[in-house]
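Asks: What shape does this take:
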Amino acid sequence: MPELPEVQTVVSDLNKKIKGDTITGFWSDWPKAIKNLTLEKFKKLIIGRKILGARRLGKNLFIDLSGGKTLYIHLKMTGHLLVKAQANFQFPISNFQSISNDKISNSKKHDYFADKVNSYIHHIWYLTDSKLRMKCESTKENSNGRVRSAQFACKTLEFSDVRKFAKIVLDDTEKIKNLKEIKALGVDAMSPEFTFKKFEEILGYPHPLPRRQAGSPLPKRARGIFNKPIGIVLMDQSLIAGIGNIYRSEILYDAGIDPRRLVIEIRDREIKELYKSIKKILKKAIKMRGTSDSDYRDTAGAPGNFHKILKVYKKAGQKCQRCDTIIKRITMAQRSVFYCSSCQK
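Replies: Numbers count the residues shown, from 1 in each chain. Reported below is the predicted structural model:
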C-alpha cells in the first residue's frame, strides 16, 4: 500500500501537472469504487469544475475543486494515478493516442505508461489545460470533425488499480474532514504539528511509571499504549498518520530499536532518536519519490527510488549492512517486520 512518501510524491506531481485544469469528462468501468453516488451523479457534479490543488493527510489524497467540492481518493493496495497528454481524442477511450509532453512525462528514455503495471485503467478524468488550449483548439480544427467539442480533452488523469480496492469519494470540502475515516486519523507524520513534544504525548511521556528492564514483569499500572510494542504503535494511523509497513521497519532500524520492545521499555534518549529517524527516513523517501515495492508508480508511470537504499525491509536472510548479522522477519498484527537482532536492541 502506498505510504506517506508515495502519496506525497503524487500530490506534488498533481500540483505541478493538473492544478488549474478543468474537468471536461469522466469515464469508469468500475463504478463500485465511487462511494455514495451513482456514476451519472458523480459525472454531473464534477464536470466543469476547476482543479484548485491536491493535498494529503497520512496516506489519504485530496483534490480540491472549484465550487466547494473535494475528491477524496484512497489508493489502497495497488492504486496509482497517471497524468497523460492527449491528442485527437474522442470517446470511448479506445480512440485516443498518447503523445509525449515534457511537462507530463519525467522520462525520455522509457515509456513507463506502456508498462503492464500501469495498464489496469478503471477511471479517467478528462481535463483541459489553459496553457495548452491553443494547441488543443488547433488540433480540433484540423480533425475534420472527428473530435467533438463536448468530448475533447487535452489531458487525462487516469487511475490504474489492478485489484480494484481503491475508493473515490466526492463531497463538500468542509465535510470531507468530518468523514469517519478522516476524523479517526492522528497527526500527520510530516506535518508541523508532529513535534517531539507531540510524539512524547502520543507515547504517554513523561509518565510516573518506573523504567524497567526488558523481560521483567510489567507494572500493573502500565495500561494502554505503555503495554504495546513500538512496532505496533508506529503503524497505528489513529496516533500517527502515514507510516506503513515499509517505513516502520526502516525507521526502527535507523533508530536502533527492536520493534518488539514495549513503549514502557523505551528510554528518553531513545525516544529522541526514534523521532529523528521518523522525520529523517520519511523526508529521504519523499526526496527519492517513494518506494516501488509492488504496484506503486508516480504520475508519469515511473517507479520510486527508495527501494535502492532499503536496509532491512524484505531483506530477511541477507546480511545486515552494518554488522553482517542475518536480517530476521517476524509478524506483528499480521504484517511482516524486518530487523537486525544485533543493531536493534
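Asks: Ends of stretch 187-199, what's the gap?
Replies: This stretch, stretch 187-199, spans 9 Å end to end (CA to CA, to the nearest Å).
Asks: Any idea which helix or strand in the chain has the lowest mean pLDDT?
Replies: Of all helical and strand segments in the chain, the minimum by mean pLDDT, DSSP states H and E falls on strand 97-99, at a mean of 36.
Asks: Any chance you could list what contacts whichever helix or strand comes after it?
Replies: Later in the chain than strand 97-99, the nearest helix or strand by DSSP states H and E is strand 121-128. Strand 121-128 has contacts (CB atoms under 8 Å, 6 or more residues apart in numbering) with 18, 21-30, 33, 46, 51, 82, 89, 93, 136, 152-161, 164, 168. C-beta here means a position set from N, CA and C on the backbone, and glycine is covered the same way.
Asks: Buried subset of those, written for PyMOL?
Replies: The PyMOL selection below is limited to those of the contacts of strand 121-128 classed as buried (16 or more other CB atoms under 10 Å):
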select buried, resi 18+21+22+23+24+25+26+27+28+30+33+46+51+82+89+136+152+153+154+155+156+157+158+159+160+161+164+168
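Asks: tell me which element the closest residue to residue 299 other than its chain neighbours falls in.
Replies: Computed as CB to CB, 6 or more residues apart in numbering, the closest residue to residue 299 that is not its neighbour in sequence is residue 13, at 4.0 Å. With elements taken from DSSP H and E, the one containing residue 13 is helix 4-17.
Asks: Please name every helix or strand in contact with that helix.
Replies: If you count contacts as 3 or more CB pairs under 8 Å, 6 or more residues apart in numbering; DSSP states H and E, helix 4-17 packs onto strand 51-57, strand 60-65, strand 79-87, helix 268-287.
Asks: and it, average pLDDT?
Replies: Mean pLDDT, helix 4-17: 98.
Asks: from the middle of its chain, how far away would the next helix-or-strand element following it be?
Replies: Next in sequence after helix 4-17, counting helices and strands by DSSP H and E, comes strand 22-28. Its chain's C-alpha centre and that of strand 22-28 lie 23 Å apart, by CA atoms, centre = their mean, to the nearest Å.
Asks: Quick one: list the elements packing against strand 22-28.
Replies: helix 39-46, strand 121-128.
Asks: If you drop the residues flanking it in sequence, what lies closest to residue 18?
Replies: Leaving aside its sequence neighbours, residue 18 sits nearest to residue 51 (CB to CB, 6+ apart; 5.4 Å).
Asks: among the helices and strands packed on helix 4-17, which gets the worst mean confidence?
Replies: What stands lowest among the helices and strands packed on helix 4-17, in mean pLDDT terms, is strand 79-87, with a mean of 88.
Asks: and it, how far from the chain's centre?
Replies: What separates the centre of strand 79-87 from the centre of its chain is 17 Å, taken as CA atoms, centre = their mean.
Asks: how about low-confidence regions in the chain?
Replies: For the chain, residues meeting the criterion pLDDT under 70 lie at 87-108, 130-153, 207-223.
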